[in-house]
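**Student:** Okay, here's the prediction I keep looking at, along with the sequence it came from:
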Amino acid sequence: MARTNRQTSRVQVYLNDPKIVSGLNREARSGRMPLSQAAGRAIARGLLKSPQADPEDRLLRLERSLRDHMRSTARDMQIIQELLIEVARAFFLRLPDAVVDQDPTVQAAVDRRIERLLDATAARIVAGRSDRDAAPGPAREPRSFEAPN
């Protein structure tokens, strides 16, 4: 009968902790195997539970955490946008409420103002500047934290 030669490595380990030695002895007796096999199995179990140093795994974990962060940021931004629209609505309706505020014409004017406000804000965001930057006026000294032209 042909004997298959399994590739084995010989490693010598010195253990100073008596608890680990007794635990390995107990495992070897319960599994009816040599002490070296029990140590090999214990090391294998320990390696399976440890975080791997695989760069692909770390990249995948980073990608997942970034995706989770993007979801929570999108949710937060939606909440902030809804709150801002409600504040703008209350602002344009003039507090305290007046009877004229319930007029459909006034309501339509308020909605039109909100749409213009949102359009102007979106245009500024896309352009990457604010109204203060775009307004003509006296030339001012460039600041060190501004983006270069």
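**Tutor:** Cool, the structure landed. As the structure is a computational prediction, the values presented were derived from the model and not from experiment.
**Student:** Break down this protein into its helices, ranges please.
**Tutor:** In chain order, the chain shows helices spanning 18-31, 35-49, 55-92, 104-127, 131-134, with DSSP state H as the criterion.
**Student:** center of this structure, which residue is that?
**Tutor:** Note on the chain: the residue nearest the mean C-alpha position is residue 69, at 2.7 Å, using Cα atoms, centre = their mean.
**Student:** who wins for proximity to residue 7 among the helices of the chain?
**Tutor:** helix 35-49 (13.4 Å; Cβ to Cβ). Bear in mind the C-beta positions are built from the backbone N, C-alpha and C, glycine included.
**Student:** and that closest one, what's its mean pLDDT?
**Tutor:** When pLDDT is averaged over helix 35-49, the result is 82.
**Student:** helices or strands up against that helix?
**Tutor:** On a contact count with 3 or more Cβ pairs under 8 Å, 6 or more residues apart in numbering; DSSP states H and E, helix 35-49 meets helix 18-31.
**Student:** Residues in contact with the helix it packs on: which ones?
**Tutor:** Residues outside helix 18-31 that contact it (Cβ atoms under 8 Å, 6 or more residues apart in numbering): 15, 34, 35, 37, 38, 39, 41, 42.
**Student:** residues near the residue nearest to the third one when sequence neighbours are not counted, how many?
**Tutor:** The spatially closest residue to residue 35, leaving aside those adjacent along the chain, is residue 28, at 4.7 Å (Cβ to Cβ, 6 or more residues apart in numbering). Other residues near residue 28 number 18, with proximity taken as other Cβ atoms under 10 Å.
**Student:** pLDDT wise, what is residue 28 at?
**Tutor:** Looking at residue 28, the pLDDT reads 91.
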